[in-house]
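Undergrad: Here's my sequence, what's the structure:
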Amino acid sequence: MMINLGAEFGSHLESSEDATELIDILNKIPKDDFIIDFKEVIFVTMNFAQAYYTAKYDSDKRISEINLSDEVSVVMGAADEACNP
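TA: Now for the predicted structure:
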């Protein structure tokens with residue numbers, strides 16, 4: 001199942017609460033595989049990114065990301081390494 005993150009949460013993702021809410025929503029959906037589409041997201045904070053990966057790795061769902069801009073990819077990659085060394 002694909003989730004358009006920008007359409008659901010906006011183009012600027014700053015809050016750890018948004019990241020936690022996203023994964024909580026996915027955990028309630030009776031599917032196992034999710035693709036998070038970052039196409040419309042132009043900015044994320046490290047706070048959002050770390051909360052996203054922390055919640056993602058705590059979830060039993062298989063979650064992948066697509067269409068990350070270069071800027072978003074740098075932040076998300078750093079957070080991924082910090083949360084999953």
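Undergrad: Spatially central residue for the protein, please.
TA: Among the residues of the chain, Tyr52 comes closest to the average C-alpha position under C-alpha atoms, centre = their mean, at 4.9 Å.
Undergrad: any idea how far Lys61 is from the residue of the chain positioned farthest from its centre?
TA: Largest separation from the mean C-alpha position in the chain: Pro30, at 18.6 Å (C-alpha atoms, centre = their mean). Going from Pro30 to Lys61 by C-beta to C-beta, to the nearest Å gives 11 Å. Any C-beta I mention is one placed from the backbone N, CA and C, and that applies to glycine too.
Undergrad: Which strand or helix spans the residue nearest to the centre of the chain?
TA: helix 46-58 (DSSP states H and E).
Undergrad: Outside of the helix or strand that contains Glu8 itself, list whatever touches it.
TA: Using DSSP H and E, Glu8 maps to helix 5-9. Residues from elsewhere that reach helix 5-9 (C-beta atoms under 8 Å, 6 or more residues apart in numbering): Leu13, Asp18, Leu22, Ile36, Asp37, Phe38, Lys39, Glu40, Val41.
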